[in-house]
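Engineer: Below is the sequence, then the predicted model.
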Amino acid sequence: METSAPLLGEPLPVELMNTAWADRDGVHDALRDPGGVRAWLHAVSARTGFTAPDGPDCPDGPVDLTDDELGRFGDRLVGLRDALRRLAAEVTADPRPAAASRTRELEAAVTALNRAAGESPHWSVLSWTPGQEPSRHTRSHGEAGSAAVSALAEESIAFFAQDARNRLRACLAPGCVLYFVKNHPRREWCSAGCGNRARSARHYQRHRPGTA
């Protein structure tokens with residue numbers, strides 16, 4: 001199963017924000033059910049470094065959650081996503097009503113982010129198999145889902161605490177609710193598709209009947 005969320009190669013906190021996305025039918029939630037949570041987690045697993053909880057019976061590999069764990073993890077992930085979208089709206093002065101987070105207050109968003117980061121003790125470990133490139137993983141004594149949320153929250157705190165947040169943008173193409181990091185001076189939209197829609201809308205406004 002593939003995730004319905006658009007994956008634009010953005011930093012992981014921004015990819016999580018963009019699990020709320022829109023099309024002509026309205027705003028959608030890629031994390032609306034355990035299947036959607038599993039699909040998104042698997043889609044980004046190569047970029048996360050999340051591993052199973054630390055212990056003798058836990059293999060060192062990507063997190064794989066049971067259905068019960070997915071339910072709990074999904075609720076925490078959505079809560080973190082909503083907090084991040086509220087912080088993003090603050091940084092970008094986001095004017096889009098359809099993009100508004102369910103977390104309305106800035107203080108509540110900050111509290112939710114900090115709580116998520118501290119939910120599960122986690123730390124980094126280095127893996128290095130002879131003949132292969134070394135890699136960094138995140139380990140935890142807690143439940144795998146909690147560890148993953150905490151690690152994502154930690155990465156999100158680093159993102160918003162650094163200058164990278166100043167390059168965060170709300171995509172203002174018609175109907176879009178996504179965010180992106182402006183990684184090129186001429187970039188205005190989250191994707192080429194949104195750029196095309198925005199230019200088409202501008203063209204229509206300039207040439208519609210009755211326009212002076």
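Structural biologist: Alright, I've got the coordinates. Numbers count the residues shown, from 1 in each chain.
Engineer: Please, where are all the strands along this structure?
Structural biologist: 20-23, 26-29, 122-127, 135-140, 168-170, 179-181 (DSSP state E).
Engineer: By mean pLDDT, show me the worst of those strands.
Structural biologist: Ranked by mean pLDDT, the strands of the chain end with strand 135-140 at the bottom, a mean of 78.
Engineer: now the angle between strand 122-127 and that strand, please.
Structural biologist: 140 degrees (axes from the mean of the first three to the mean of the last three CA atoms, to 10 degrees).
Engineer: Format the strands of the chain as CSV; extra columns: mean neighbour count and distance to A153.
Structural biologist: Glycine gets a C-beta too; all of them are placed from N, C-alpha and C. Formatted as CSV, the strands of the chain follow (neighbours: other CB atoms under 10 Å; distance: least, CB to CB, whole Å):
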stretch, mean neighbour count, distance to A153
strand 20-23, 17, 17
strand 26-29, 13, 19
strand 122-127, 13, 10
strand 135-140, 17, 12
strand 168-170, 21, 17
strand 179-181, 23, 17
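Engineer: I'd like those as a markdown table, with distance to T66 appended.
Structural biologist: Shown next, in a markdown table, are the strands of the chain (distance: least, CB to CB, whole Å):
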| stretch | distance to T66 |
| --- | --- |
| strand 20-23 | 25 |
| strand 26-29 | 22 |
| strand 122-127 | 20 |
| strand 135-140 | 16 |
| strand 168-170 | 35 |
| strand 179-181 | 31 |
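Engineer: so which of the ones you listed comes closest to D94?
Structural biologist: Closest approach to D94 among these is made by strand 168-170 (4.2 Å; CB to CB).
Engineer: How far does the closest one sit from its chain's centre?
Structural biologist: Its chain's C-alpha centre and that of strand 168-170 lie 13 Å apart, by CA atoms, centre = their mean, to the nearest Å.
Engineer: what residue is smack in the middle of this protein?
Structural biologist: For the chain, the residue nearest the mean C-alpha position is L16 (1.1 Å; CA atoms, centre = their mean).
Engineer: So for G9, which of the strands of the chain sits nearest?
Structural biologist: Here strand 179-181 is closest among the strands of the chain (CB to CB), at 9.5 Å.
Engineer: Pull the residues that contact that closest one.
Structural biologist: Defining contact as CB atoms under 8 Å, 6 or more residues apart in numbering, one finds that strand 179-181 is touched by 8, 10-11, 14, 17-18, 85, 88, 92, 164, 167-171, 187, 189-190.
Engineer: Kind regards, and thank you for your time.
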